[in-house]
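# Okay, sequence plus prediction incoming.
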Amino acid sequence: ILNVEQSPQSLHVQEGDSTNFTCSFPSSNFYALHWYRWETAKSPEALFVMTLNGDEKKKGRISATLNTKEGYSYLYIKGSQPEDSATYLCAFKGGNTPLVFGKGTRLSVIA
Amino acid sequence: DAGVIQSPRHEVTEMGQEVTLRCKPISGHDYLFWYRQTMMRGLELLIYFNNNVPIDDSGMPEDRFSAKMPNASFSTLKIQPSEPRDSAVYFCASRRQGLGNYEQYFGPGTRLTVT
């Protein structure tokens, strides 16, 4: 059974703070690592898909890094805003497996 | 494109009743996935199809659950008989077959409550 772990489980930050959280995944048979943003009462939406060790992706104030050799990815949010409040899911894609999702990090940004 | 469409959005039913959830994937997508989301387990993959053929149903909890995809634009997930522990949000997602990018597009989900 593939294990995708995310930490912390939840996070409260003040508006303007920068924050980051972690996704750990198997370091073998790697194909891709996804980050999704999931707002309450909506459906998950893809933020990034990363496939190469050392990949760094950026979208506005949100960025992600990937280390496939050690099996982790970080998601960073610079200058958090209340609209960043959501659950951030990572998902691991192995060679012959469908996406396996972590349980997410629930971020609350307090104004 | 309208995105992945699911119906109904909410379903409340009594224990023992049959429940059918419906999904229309994005046109041109070759893969369709059914997920269940609960507080305890997060987002769990139940079953997925490729070109209308079920590929992996190992996530289906028990025989009460069944899924079909009679054509490229429609899939159903059926629970018969339903039980209170089936209460969850059920998501359908689809993606196009291709190299590298396996981004999935999720529907709005069906919130199922079994009383």
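Received the coordinates, thanks.
# Name the helix or strand for the residue most central in space within chain B, please.
Geometric centre of chain B, nearest residue: B:Trp34, 2.9 Å, by CA atoms, centre = their mean. With secondary structure defined by DSSP states H and E, B:Trp34 is part of strand B:31-38.
# one step back: so who does the residue nearest to the centre of chain B touch?
B:Cys23, B:Leu45, B:Leu46, B:Ile47, B:Tyr48, B:Ala67, B:Ser75, B:Leu77, B:Tyr90, B:Phe91, B:Cys92 (CB atoms under 8 Å, 6 or more residues apart in numbering or on different chains). Bear in mind the C-beta positions are built from the backbone N, C-alpha and C, glycine included.
# Check the spacing between the residue sitting furthest away from the middle of chain A and A:Glu39 real quick.
The C-alpha centroid of chain A is most remote from A:Ala111, which lies 22.6 Å away (CA atoms, centre = their mean). Distance of A:Ala111 to A:Glu39, given as CB to CB, to the nearest Å: 16 Å.
# one step back: show me what the residue nearest to the centre of chain B bridges to in the sheet.
Beta-bridge partners recorded for B:Trp34 (DSSP bridges): B:Ile47, B:Cys92.
# Which pLDDT value belongs to it?
According to the prediction, B:Trp34 has pLDDT 97.
# Tell me where chain A has strands.
In chain A, the strands defined using DSSP state E lie at A:5-7, A:10-14, A:19-24, A:30-38, A:45-50, A:56-59, A:62-67, A:72-77, A:86-94, A:100-101, A:105-110.
# Pick the most buried one from those.
strand A:86-94 (a mean of 23; mean count of other CB atoms under 10 Å in any protein chain shown).
# Show the average pLDDT along stretch B:12-27.
The average pLDDT within stretch B:12-27 is 97.
# Would you mind writing the CA trace of it as CSV?
Extracted as CSV, the C-alpha positions of stretch B:12-27 are listed here (Å, rounded to 0.1, in the frame of the first residue of the first chain):
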residue,chain,number,x,y,z
VAL,B,12,-30.5,11.9,1.4
THR,B,13,-31.8,8.3,1.7
GLU,B,14,-32.8,5.8,4.2
MET,B,15,-30.8,2.8,5.1
GLY,B,16,-31.5,-0.1,2.8
GLN,B,17,-32.4,2.0,-0.2
GLU,B,18,-30.6,1.8,-3.5
VAL,B,19,-28.5,4.9,-4.4
THR,B,20,-27.2,5.8,-7.9
LEU,B,21,-24.7,8.5,-8.4
ARG,B,22,-24.0,9.8,-11.9
CYS,B,23,-21.0,11.3,-13.6
LYS,B,24,-20.4,12.9,-17.0
PRO,B,25,-16.7,13.3,-17.7
ILE,B,26,-15.1,16.0,-19.7
SER,B,27,-15.4,15.3,-23.4
